[in-house]
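Novice: I would like the atomic coordinates for the input below:
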Amino acid sequence: MDALDPAPTDSRIDSDPAAGAAAPKSVRRLACCRLSHATHSTDELGAVTPDEPLEVARRIAQHDRVTESVVLSTCNRVEVYLSTRTPADRDAALRVACDALADPDGLRTETGIDVVEHLFRVACGLDSTVIGEDHVLGQVRRTFETALEAGLTGGVVTRTADAAVSVGRACRDETDINEGHVSYGSATCDRLEACGCTPNRLVVVGAGEMATSVVRAASHRWDSRVDVVNRSSAPKLPTDDGRYWPLEFLESALTDADAVVTATGASEPVLTDETADAVAEDTLVVDLANPPDVADAVRESPGTVVTLDEIQRQIEVVVADRREAVPTVEDAIADAIASFVDRERENRAEDTLRALHRTAAAIRENELEQARARLENGDDPEVILEEFASALTGSLLGTPTERLRTAARDGDDAIIEATHRLFDLDAVLEESS
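Specialist: Below is the predicted model of the structure:
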């Protein structure tokens, strides 16, 4: 949809999915605009990703119809979550958010209950490139906590995020949505362990995204030395006590390695017959490159070479198991949405009750002040007490009485029936009949 088009207004958006009833006003004030990996490449997302998401959220929050603003930015998405003063303000707020993101093509929007559902799916890992991934849950939690600390949230957006984190945690604890390892780094480490290899010294050839994934997974899992071989230095890789080797010293780097992982972008194999001589026969080699880093002759020689296809099949098995958990997670999300909507309705009732009690307290204090003044003047306490009770009752019931009479004249039976239920008047009328 066009970035400035109003969000869809079909009946599902502002309805409780469980009962089809109108969602509470607080939920209907929610809006979201977003870009994700589903419609945009990594480069396209990178071009839109703000350098300072919190500052963008502050600019959006300056609009007089916006009450809360959060910008969630990860490698897979750029999303703005908003609440507005009234549901009618959502379109104007979405235009402000679009402008703050430089009005990119393909920006999607949601409002009302759809915002709740989307954030719940994000937190549960159903909207990620890798289904069920864990990192996004922490990213959601930290982003919304930071916005709360900055004073940009604190209402329905915060309550939505809290509920999303809660259902995200529950789904990971109670289902298989995040079982197994699906990153190339973790899957490679799994394969090494399955082959009986827990390396004291791991050599990673390459410094791109896949090689980085391996280095991080190995550093997290083992107390191993990780050396990196690359054409240029790779100071950002977390190799701890490992070292960097220039590619021309590959043979030296491979000597005494317990395991080797190759993941370069080279067009020709880097592990050739000559360089492979430095690798011991019992050293496990994992080739994650495409085209392969390991020459065909080396693959056919004694020793074990694990290919990219084998690692991908290993990941696909895990992903298939996770997909089987999706229906269960979606059911949990539906239940969580229904519970969230119920709580928002209760919050609305609490707001009404607080206002009602404040009004009643003000009336009581006013009547008490008058009664005290009369007592100081020496008036009969019994008369004062009776007149205080009568005045208090009259003040409390005056406005409701007028509204009920107006409703009766207008034929508005709904208000009359609601009054019967609210004050349980049917029993009183039965006793008096």
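
Novice: now do the helix or strand where T67 lies: distance to the chain's middle.
Specialist: Assignment of secondary structure by DSSP states H and E places T67 within strand 66-74. On the basis of CA atoms, centre = their mean, to the nearest Å, strand 66-74 sits 11 Å off its chain's mean C-alpha point.

Novice: packing partners for that strand?
Specialist: Packing partners of strand 66-74 (3 or more CB pairs under 8 Å, 6 or more residues apart in numbering; DSSP states H and E): helix 53-61, strand 77-84, helix 90-100, helix 135-149, helix 156-174. No exception for glycine: its C-beta is placed from N, CA and C like everyone else's.

Novice: between helix 53-61 and the fourth one, find me the angle.
Specialist: Right, the one you point to is helix 135-149. Angle between the axes of helix 135-149 and helix 53-61 is 50 degrees (criterion: axes from the mean of the first three to the mean of the last three CA atoms, to 10 degrees).

Novice: and the strand holding T67, which strands flank it?
Specialist: Sheet pairing of strand 66-74 (DSSP bridges) gives strand 77-84 (antiparallel).

Novice: which residues in the stretch 301-433 of the chain form strands?
Specialist: Per DSSP state E, counting those that start in this stretch, the stretch 301-433 of the chain carries strands over the ranges 305-306.

Novice: sorry, back to before: can you list contacts of the strand holding T67?
Specialist: Contacting residues not belonging to strand 66-74 are listed as 29, 49-50, 53-54, 56-58, 60-61, 78-85, 89, 93, 96-97, 122, 135-136, 139-140, 143-144, 147, 152-158, 161 [CB atoms under 8 Å, 6 or more residues apart in numbering].

Novice: derive a PyMOL selection command for the buried subset of those.
Specialist: Selection command for PyMOL covering only the buried members of the contacts of strand 66-74, criterion 16 or more other CB atoms under 10 Å:
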select buried, resi 29+49+50+53+54+56+57+58+60+61+78+79+80+81+82+83+84+89+93+96+97+122+136+139+140+143+144+147+152+153+156+157+158+161
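
Novice: just for the stretch 1-150 of the chain, where's the confidence low?
Specialist: Counting by pLDDT under 70, the low-confidence segments of the stretch 1-150 of the chain come to 1-21.

Novice: how many residues are close by S267?
Specialist: Look at S267: counted by other CB atoms under 10 Å, it has 6 neighbours.

Novice: which stretch among the helices and strands packed on strand 66-74 comes nearest A266?
Specialist: The minimum distance between A266 and these falls on helix 135-149, with 29.4 Å, by CB to CB.

Novice: what packs against the helix ranked longest in the chain?
Specialist: When the chain is parsed with DSSP state H, its longest helix is helix 308-376. When contacts are defined as 3+ CB pairs under 8 Å, 6+ apart, helix 308-376 sits against helix 25-28, helix 113-124, helix 156-174, helix 184-194, helix 381-410.

Novice: deepest in the core, which of those helices is it.
Specialist: The densest packing among these, expressed as mean neighbour count by mean count of other CB atoms under 10 Å, is seen in helix 113-124 with a mean of 24.

Novice: one step back: what angle do the longest helix of the chain and helix 184-194 make?
Specialist: Going by the same axes, to 10 degrees, helix 308-376 makes 120 degrees with helix 184-194.

Novice: returning to that earlier point: distance to R345 for the helices and strands packed on strand 66-74 - can I get that in JSON lines?
Specialist: Converted to JSON lines, these look like this (distance: least, CB to CB, whole Å):
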{"stretch": "helix 53-61", "distance to R345": "26"}
{"stretch": "strand 77-84", "distance to R345": "16"}
{"stretch": "helix 90-100", "distance to R345": "20"}
{"stretch": "helix 135-149", "distance to R345": "22"}
{"stretch": "helix 156-174", "distance to R345": "12"}
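
Novice: for those, which one sits closest to E251?
Specialist: Taking the helices and strands packed on strand 66-74 one by one with CB to CB, helix 135-149 is closest: 36.9 Å.

Novice: by contact count, what packs against that closest one?
Specialist: Other elements packing on helix 135-149 under the criterion 3+ CB pairs under 8 Å, 6+ apart are helix 53-61, strand 66-74, helix 113-124, helix 156-174.

Novice: which residues touch it?
Specialist: 53-54, 57, 68-74, 76, 119, 122-123, 125, 127-128, 153-154, 157-158, 161-162, 164-165, 168-169, 172.

Novice: how far does it sit from the chain's center?
Specialist: Taking the mean of its C-alpha atoms, helix 135-149 sits 8 Å from the chain's own mean (CA atoms, centre = their mean).

Novice: and the angle from that helix to helix 156-174?
Specialist: Here helix 135-149 runs at an angle of 150 degrees relative to helix 156-174 (the same axes, to 10 degrees).

Novice: helix 135-149 to helix 113-124, inter-axis angle?
Specialist: Inter-element angle recorded for helix 135-149 and helix 113-124: 120 degrees (by the same axes, to 10 degrees).

Novice: how about helix 135-149 as PDB, C-alpha atoms only?
Specialist: The C-alpha coordinates for helix 135-149 follow below in PDB (Å, rounded to 0.1, in the frame of the first residue of the first chain):
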ATOM      1  CA  HIS A 135      17.400 -12.400  19.500                       C
ATOM      2  CA  VAL A 136      14.300 -10.400  18.500                       C
ATOM      3  CA  LEU A 137      12.600 -11.000  21.900                       C
ATOM      4  CA  GLY A 138      15.400  -9.200  23.700                       C
ATOM      5  CA  GLN A 139      15.400  -6.500  21.000                       C
ATOM      6  CA  VAL A 140      11.700  -5.800  21.600                       C
ATOM      7  CA  ARG A 141      12.100  -5.700  25.400                       C
ATOM      8  CA  ARG A 142      15.200  -3.400  25.300                       C
ATOM      9  CA  THR A 143      13.700  -1.000  22.700                       C
ATOM     10  CA  PHE A 144      10.400  -0.500  24.600                       C
ATOM     11  CA  GLU A 145      12.100  -0.200  27.900                       C
ATOM     12  CA  THR A 146      14.400   2.500  26.500                       C
ATOM     13  CA  ALA A 147      11.400   4.300  25.100                       C
ATOM     14  CA  LEU A 148       9.700   4.100  28.600                       C
ATOM     15  CA  GLU A 149      12.800   5.500  30.300                       C
END
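
Novice: measure the residue located most distally from the centre of the chain to I384 for me?
Specialist: Relative to the average C-alpha location in the chain, and by CA atoms, centre = their mean, no residue lies farther out than G378, which sits at 66.7 Å. Summarising the geometry, the distance separating G378 from I384, computed by CB to CB, to the nearest Å, is 10 Å.

Novice: one more: T188?
Specialist: For T188, the distance to I384 (CB to CB) stands at 87 Å.

Novice: try F120
Specialist: To I384, F120 is 59 Å away according to CB to CB.

Novice: quick revisit: the helices and strands packed on helix 135-149 into a markdown table, with extra columns for distance to E268?
Specialist: Shown next, in a markdown table, are these (distance: least, CB to CB, whole Å):
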| stretch | distance to E268 |
| --- | --- |
| helix 53-61 | 42 |
| strand 66-74 | 35 |
| helix 113-124 | 42 |
| helix 156-174 | 43 |
